[in-house]
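J.: Let me see the structure of the following:
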Amino acid sequence: MKAAYIHIPFCHHICHYCDFNKVFMQGQPVEKYLIALEKEMEISVKGKNNVLETVFVGGGTPTALNESQLEQLVQSIQKQLRFDSNTEYTFEANPGDLSKEKLAILKAGGVNRLSFGVQTFNDELLKTIGRTHRAKDVFSSIESAKEIGFNNISIDLIYSLPGQTKQDFLESIQTALSLGLVHYSGYSLIIEPKTVFYNLMKKGKLLVPGEDAEAEMYETLMEQMEIHGLRQYEISNFAVPGFESRHNLTYWDNEEYYGFGAGAHSYVNGIRQSNYGPLKKYMEPLAIGELPILDSHQVSCAEKMEEEMFLGLRKTEGVSIRHFLKKFNQDPLELFAEQIRECTSKDLLKTDGETICLTRKGRMLGNEVFQSFIGVSNH
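T.: Residues are numbered from 1 along each chain as shown. A predicted model of the protein is given here:
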């Protein structure tokens, strides 16, 4: 096991597009939750002595915790999980949430990477999507983080937002790039059920830019990142070489990982599991020393091979044929001959005999490609 994801479900404010497992923070049993979380880590890693290569604390909003809660969290992670100075240890952060004191707590706790959910630098759009920070908060948070010694900083942008123009997105990208950071992510808005945006859309009250504009925004993102020397190593992710998110690469490389916290998913010993999402349901089993598992699924060999393809194809370098052979004792070119032939004929995939990867057109239509590898083995 090389990686651990830790979920903090609390938010001061719920964004209009978010469907992650989260709760409004007011009046929640935060300290109790943190105790349960530590218990889950303790039970899960008992007797395992391995040093983790990546730890990622996400949410919700981990930085919504107050200073003493943040201290409690960081200390319990240090106590229960083994990591060293080579471990990539990331905290998701909300611009405007991070006081100097909180930054100092993270730094002292061994955190060495920050990922800010910026989404856009247009204040009007930030209001539209229900974010509480403004562009100026991003600048001050990043400046404070750099002063305290964080140099591995990433920001997320979202495009295809309601009312967003191509020019507007270009300006956000350029502002983001002017910060001179080592990592950027850009995602298109996906409207998920049970969100404010979904309800507005059903009433015909949400105007989004549409597929063509979305494709143009993605093109703009890829071009701008390339011009500024950031390498696209995955469909939505760009980095100065050497600063790729090692944690996310764990997922795309189809490796196993721990998932701790309410609603978290894990992949351990060939079993994919998810935890209860509601806080009470999550905390109750842990109070008596049991894991809060909602469901678990033993991944078959056929499923593992499919996952290896559709996760691996997200990476720019694609799927290594040699690695696939070594891992499964099967040649993906034979196993998925039909799917590869079909996607290659549409100019969505290419192979040079060593790797199988998406073409530029394939990146634009990634989901269509991934879909073709799902459920193949049942036929």
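J.: how about stretch 291-308: buried residues?
T.: If you call a residue buried by 16 or more other CB atoms under 10 Å, then stretch 291-308 has these buried ones: Pro292, Val299, Glu303, Met305, Glu306, Glu307, Glu308. All C-beta spots, glycine's among them, are computed from the backbone N, C-alpha and C.
J.: Just the element for the fifth one, please.
T.: Following DSSP states H and E, the helix or strand that holds Glu306 is helix 301-312.
J.: And the average pLDDT for that helix is what?
T.: For helix 301-312, mean pLDDT rounds to 96.
J.: And for it, what's in contact with it?
T.: Under the criterion CB atoms under 8 Å, 6 or more residues apart in numbering, residues 251-254, 270, 299, 318-320, 324, 327-328, 330, 332, 335-336, 356, 369-371, 373-378 lie in contact with helix 301-312.
J.: next helix or strand past it?
T.: By DSSP H and E, the next helix or strand past helix 301-312 is strand 319-320.
J.: For whatever helix or strand comes next after that next one, list the C-alpha coordinates in PDB.
T.: Once strand 319-320 ends, the next helix or strand along the chain (criterion: DSSP H and E) is helix 321-328. These are the backbone C-alpha positions of helix 321-328, laid out as PDB (Å, rounded to 0.1, in the frame of the first residue of the first chain):
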ATOM      1  CA  ILE A 321       2.000  -2.900 -23.000                       C
ATOM      2  CA  ARG A 322       5.000  -4.400 -21.200                       C
ATOM      3  CA  HIS A 323       3.600  -3.300 -17.800                       C
ATOM      4  CA  PHE A 324       0.200  -4.800 -18.700                       C
ATOM      5  CA  LEU A 325       1.800  -8.100 -19.700                       C
ATOM      6  CA  LYS A 326       3.900  -8.300 -16.600                       C
ATOM      7  CA  LYS A 327       0.900  -7.500 -14.400                       C
ATOM      8  CA  PHE A 328      -1.700  -9.800 -16.000                       C
END
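J.: just to revisit the earlier point, export the buried residues of stretch 291-308 to a markdown table and tack on distance to Phe56?
T.: Shown next, in a markdown table, are the buried residues of stretch 291-308 (distance: CB to CB, whole Å):
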| residue | distance to Phe56 |
| --- | --- |
| Pro292 | 19 |
| Val299 | 21 |
| Glu303 | 24 |
| Met305 | 26 |
| Glu306 | 25 |
| Glu307 | 20 |
| Glu308 | 21 |
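J.: Now for these: which two are most distant?
T.: The distance between the two most remote of those (CB to CB) is 30.2 Å, for Pro292 and Met305.
J.: any low-confidence regions in the chain?
T.: 377-379 (pLDDT under 70).
J.: Now the single longest strand found in it: buried residues?
T.: Criterion DSSP state E: the longest strand present in the chain is strand 83-93. Neighbour counts using 16+ other CB under 10 Å place Phe83, Thr87, Glu88, Tyr89, Thr90, Phe91, Glu92, Ala93 of strand 83-93 among the buried residues.
J.: what's in contact with it?
T.: Here strand 83-93 makes contact (CB under 8 Å, 6+ apart) with 51-59, 61-63, 106, 110-117, 141, 152, 245-247.
J.: ok so, going back, now, which of the contacts of helix 301-312 lie within strands?
T.: The strands, defined by DSSP E, take in Val319, Ser320, Ile356 from those.
J.: Any idea how many residues pack against the last one?
T.: The reference is to Ile356. Ile356: 23 surrounding residues under other CB atoms under 10 Å.
J.: Likewise for the second one?
T.: Applying other CB under 10 Å, we find 19 residues neighbouring Ser320.
J.: was I right about it contacting Thr355?
T.: Yes - in this structure Ser320 lies within contact range of Thr355 using CB atoms under 8 Å: 5.6 Å.
J.: Report the set of residues contacting both of the two.
T.: Here Ser320 and Thr355 share no contacting residue, scored by CB under 8 Å, 6+ apart.
J.: Is Gln78 part of a helix or strand, or is it coil?
T.: Under DSSP: H, G, I helix; E, B strand; the rest coil, Gln78 falls in the helix class.
J.: what about Tyr33, distance to Gly263?
T.: For Tyr33, the distance to Gly263 equals 12 Å [CB to CB, to the nearest Å].
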